[in-house]
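Q: Predicted model and sequence follow; I will ask about them next.
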Amino acid sequence: MRKNHWIVLALVLVLPALLFTVSCAKKEVMAEPEMAPAEEPVDQAKLDAEAAEKARLEAERLQAEEAERAMMAARQAFTSEDIYFEFDSSALLPMAQETLSNKADYMMHNPGQNVVIEGHCDERGTAAYNLALGERRADSAKAFMVNLGVDAAQISTISYGEERPVDMGHNEEAWAKNRRAHFEVQ
């Protein structure tokens, strides 16, 4: 029995070892090369059209920005230039008429804009007299612009008399700066 035992033990150990060494060799699998996806042909006309559209949109954007800057500059020029009057007068000087002509052009090209003309005076005279004089100055500027074709509904007037001086001095130079009509766009 001992001999059978050795034979069984040998078969159990030797047989798997033989099978392990004699087993099938691994087959090398040949993978087929992958085909790169076919690139679609470049449609140059389509690319050119897209580039042209981008350029057109950029040009329109730049043109709109330039128009906005020009509008802001015109508005700034409109409000920054006052007209001036002689002492105790609401008569328009030739220089004031030229300035008002330019302002009228601006108003006619911008019919949606409304403006307030502020009448101002120097400190000489009573408060009531200066309020009335400031109103006459604002009204004369408005009347001149309306005569040039500006819609009267676009213009309103107010008088501040001597209450809002530009120059706080008490001499002729300061008083000349304070005798004015100022324009504010609303």
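A: Perfect, thanks for sending it. Numbers count the residues shown, from 1 in each chain.
Q: going forward, measure contacts and count neighbours with C-alpha atoms only.
A: Noted.
Q: List the contacts of the most centrally placed residue in the chain.
A: Nearest to the mean C-alpha position of the chain, by CA atoms, centre = their mean, lies Glu65 at 6.7 Å. If a contact means CA atoms under 8 Å, 6 or more residues apart in numbering, then Glu65 has no contacts.
Q: Please tell me the pLDDT value assigned to the closest residue in space to Arg164 that isn't next to it in sequence.
A: Using CA to CA, 6 or more residues apart in numbering and skipping residues adjacent in sequence, the residue nearest Arg164 is His120, 7.2 Å away. pLDDT recorded at His120 is 95.
Q: give me the low-pLDDT residue ranges for the protein?
A: 1-2, 15, 18-27, 29, 31-42 (pLDDT under 70).
Q: if we go to 80?
A: Along the chain, the parts satisfying pLDDT under 80 run over 1-43, 70-71, 73-75, 77-80.
Q: coming back round to it: and the residue nearest to the centre of the chain, that's in a helix?
A: Yes. Assessed by DSSP: H, G, I helix; E, B strand; the rest coil, Glu65 belongs to a helix.
Q: Distance check, it against Ala59.
A: Counting by CA to CA, to the nearest Å, the separation of Glu65 from Ala59 is 10 Å.
Q: in the one helix or strand Arg61 maps to, what counts as buried?
A: Using DSSP states H and E, Arg61 sits in helix 44-80. Residues of helix 44-80 classed as buried: Arg75, Phe78, Thr79 (neighbour count, 16 or more other CA atoms under 10 Å).
Q: Same question for stretch 85-92.
A: Phe85, Ser90, Leu92.
Q: ok, Met71 to Tyr160 distance?
A: Counting by CA to CA - Met71 and Tyr160 are separated by 28 Å.
Q: Likewise for Thr126?
A: In terms of CA to CA, Thr126 sits 13 Å off from Tyr160.
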